[in-house]
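Participant: Task: produce atomic coordinates for the following.
(chains A, B and C)
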Amino acid sequence: MQSDTFRCSLRPSHTLLRMPWIQREITLRPRPRGVHLVTAEIVDALPDLRDLSIGLAHIFIRHTSASLTLNENASPDVRCDFETWMNVAVPEDFAWTHTLEGPDDMPAHIKASIMGTSLILPISGGRFALGTWQGVYLCEHRDRGGPRSLVVTLTGE
Amino acid sequence: MQSDTFRCSLRPSHTLLRMPWIQREITLRPRPRGVHLVTAEIVDALPDLRDLSIGLAHIFIRHTSASLTLNENASPDVRCDFETWMNVAVPEDFAWTHTLEGPDDMPAHIKASIMGTSLILPISGGRFALGTWQGVYLCEHRDRGGPRSLVVTLTGE
Amino acid sequence: MQSDTFRCSLRPSHTLLRMPWIQREITLRPRPRGVHLVTAEIVDALPDLRDLSIGLAHIFIRHTSASLTLNENASPDVRCDFETWMNVAVPEDFAWTHTLEGPDDMPAHIKASIMGTSLILPISGGRFALGTWQGVYLCEHRDRGGPRSLVVTLTGE
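Facilitator: Residues are numbered from 1 along each chain as shown, chains lettered A, B, ... in the order given. The predicted structure follows:
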């Protein structure tokens, strides 16, 4: 019976180990309006990542005037061009009715919905399974956005 | 052996309890073209939410001319400005080739892809872990869209 | 003891069966710039799908100048109109600073973030629970994009 007992007590624990749910809040320091590469900052805040051989990471921003997207992680010019394009596509000078919080506010809301408020990244072998050129962008759409709060939910085995 | 038996029969059940998968269909009543706040309607249809201490909710719209996004939950002006901006960014008067289903159809498809067809919300302590100002928007892009069907998948512990 | 042993050894396996995590890489063959329907190609590469009664599929593209979205699966005109609209909304002739990799490169990055780099599809009864008219679009934003690599993560019960 000893081996059976052993098997009984180990397997369920093993199962629990296989399916963790981990949730962490990360506060990103205030950044100027524009597009910022924050991959390393997020990875550094998630030591749990390395325990997952397969899984998913849900990265969620709890704001309506900043957003998250994945894009080119090498050239700062790309991030600059994102900001330029967004300001043309969603101009401050427009027929907005919601203007109480300043000219940058309503465009910020639209931009946030275009870019998106969450990312799901695949986890593989304890790391985000990103492509070579992919990095996480924080898009700060306000002139003075303040710190930005993320909720990261990890699950996998 | 009794204690071992007890351990064997309890732990796996406990594991099963920890990892539910719940899927529900929600039908949203027809709404006029525009942007509508539907957070409360979705939460009310998900009594299971309160059983999850950590988890994720995937909210999926099964249509190609309506969409879901997260944005400001307070001022109706913001939703009105979303509609105004989308109508300028994706105009009905454009070089569309797919015009069979009316002038509002092809813009509706593009708008749906810009805004997105699903949301993932983090669950924390039995509730959506939304920011203070975040609410779920149903964007109805058709003039006469009809009821809209959502599939909501919940998982967590 | 025999029946107890049986229960001990079966239940954890049952639990493991209920909660699989499967991750597959899929390489999509090179396609011309434009919007392509790839639902069948993805489903064919996922035989595991039919083992899941409820679950989620995360489909992730590991590139920054191609993207994934869900839209109308019937008329090729719709896909053609997507390409036309994107070329107007994010033109090659613009004040780009990142021009080193050709005039189609920087617009490709922006378009990829507008459309999105991942999809989550609900799984129900061994199939994607898509609406009647929904299909998966691969948006190839480069003139010569090459093969595109997807990481698909499935989980459920």
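
Participant: switch to C-alpha atoms for all contacts and neighbour counts from now on
Facilitator: Noted.

Participant: List, one by one, the residues from chain A near chain C.
Facilitator: Contact residues (C-alpha under 8 Å from any C-alpha of the partner chain) of chain A with chain C: A:4, A:7-8, A:11-12, A:15, A:54-56, A:69-72, A:75, A:77-78, A:80-82, A:85, A:89, A:114-115, A:120-122, A:129-134, A:156-157.

Participant: Swap in 6 Å and give it another go.
Facilitator: A:8, A:12, A:71-72, A:77-78, A:81, A:114-115, A:130-131 (C-alpha under 6 Å from any C-alpha of the partner chain).

Participant: now the residue nearest the centre of chain A, nearest residue through space, not along the chain?
Facilitator: Nearest to the mean C-alpha position of chain A, by C-alpha atoms, centre = their mean, lies residue A:59 at 3.7 Å. Leaving aside its sequence neighbours, residue A:59 sits nearest to residue A:152 (C-alpha to C-alpha, 6 or more residues apart in numbering or on different chains; 4.6 Å).

Participant: So which elements touch the helix or strand where the one you found lies?
Facilitator: Using DSSP states H and E, residue A:152 falls within strand A:148-156. The contact analysis (3 or more C-alpha pairs under 6 Å, 6 or more residues apart in numbering or on different chains; DSSP states H and E) places strand A:148-156 against strand A:21-28, strand A:54-61.

Participant: For residue A:89, grab phi and psi.
Facilitator: phi -70, psi -30 (degrees, to the nearest 10).

Participant: Burial check on it, number of neighbours?
Facilitator: Neighbours of residue A:89 under the rule other C-alpha atoms under 10 Å in any protein chain shown: 17.

Participant: that older thread, so which of the helices and strands packed on strand A:148-156 is the most surrounded?
Facilitator: strand A:54-61 (a mean of 24; mean count of other C-alpha atoms under 10 Å in any protein chain shown).

Participant: The strand holding residue A:152: partners in the sheet, and parallel or antiparallel?
Facilitator: Using DSSP bridges, the strands paired with strand A:148-156 are strand A:21-28 (antiparallel), strand A:54-61 (antiparallel).

Participant: Please tell me how far the nearest residue to residue A:27 once chain neighbours are set aside sits from residue A:26.
Facilitator: Excluding its sequence neighbours, the residue lying closest to residue A:27 (C-alpha to C-alpha, 6+ apart) is residue A:149, at 4.5 Å. As judged by C-alpha to C-alpha, to the nearest Å, residue A:149 and residue A:26 stand 6 Å apart.

Participant: what's the answer for residue A:119, then?
Facilitator: From residue A:119 to residue A:26 the distance is 14 Å (C-alpha to C-alpha).

Participant: Could you do residue A:83 as well?
Facilitator: 24 Å.

Participant: Residues in contact with the lengthiest strand in chain A: which ones?
Facilitator: The strand spanning the most residues in chain A, taking DSSP state E as the definition, is strand A:134-144. Strand A:134-144 is contacted from outside by A:33-39, A:65-73, A:104, A:108, using C-alpha atoms under 6 Å, 6 or more residues apart in numbering or on different chains.

Participant: can you give me the strands in chain A?
Facilitator: Remark: strands assigned in chain A by DSSP E are A:21-28, A:32-37, A:54-61, A:66-72, A:118-124, A:127-128, A:134-144, A:148-156.

Participant: quick one: which of the ones you listed is nearest residue A:96?
Facilitator: strand A:134-144 (16.0 Å; C-alpha to C-alpha).

Participant: Adjacent strands (with direction) for the closest one?
Facilitator: Here strand A:134-144 is paired, per DSSP bridges, with strand A:32-37 (antiparallel), strand A:66-72 (antiparallel).

Participant: That's all I had, so thanks and see you.
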